[in-house]
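Peer 1: Just need the structure, nothing else, for what follows:
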Amino acid sequence: MKLLLDNNLSPKLIAQLASLYPDANHVALLGLESASDLEVWNYARQNGYCLVSKDSDFNELLVSKGFPPKLIWIRLGNCTTAEIATLLQTHYEMIMGFSSDVSAGLLELQ
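Peer 2: Purely as a prediction, here's the structure:
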């Protein structure tokens, strides 16, 4: 699954998750660090990414525009990069199932 991590997540996650999510990328690594949420949304849709964010704005875009892209919404509140890495590693099977579910556009993880 191609994950696109939003600005509110550390780019360090890419290396930490590489063994499970080798196609993951971060908006800063793509030159999108100053892009609007809509521009990031459109980039994810056009390039087959699933967005991963802690930002509720992407949930609002999902409600108004539908999917793709799919959204993994991290609902941990204030947390460390290591906690987010653990969350995405622990829920790998669930994330892969979400990826193949054509009827689901949102996966909330906490």
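Peer 1: All the helices of the protein, residue numbers only.
Peer 2: Ranges of helices within the chain are 12-17, 37-46, 56-65, 81-90, 92-100, based on DSSP state H.
Peer 1: what comes into contact with the shortest one?
Peer 2: Residues outside helix 12-17 that contact it (Cβ atoms under 8 Å, 6 or more residues apart in numbering): 3, 5, 24-26, 29, 81-82, 84-85, 88-89. (C-beta placed from N, C-alpha, C; glycine too.)
Peer 1: ok, of these, which come out buried?
Peer 2: 3, 5, 24-26, 84-85, 88 (16 or more other Cβ atoms under 10 Å).
Peer 1: Any idea which helix or strand in this structure has the lowest mean pLDDT?
Peer 2: helix 56-65 (a mean of 93; mean pLDDT, DSSP states H and E).
Peer 1: out of the helices of the chain, which comes closest to Leu109?
Peer 2: Nearest to Leu109, of all the helices of the chain, is helix 81-90, at 5.5 Å by Cβ to Cβ.
Peer 1: per-residue confidence averaged over the closest one?
Peer 2: Average pLDDT, helix 81-90: 97.
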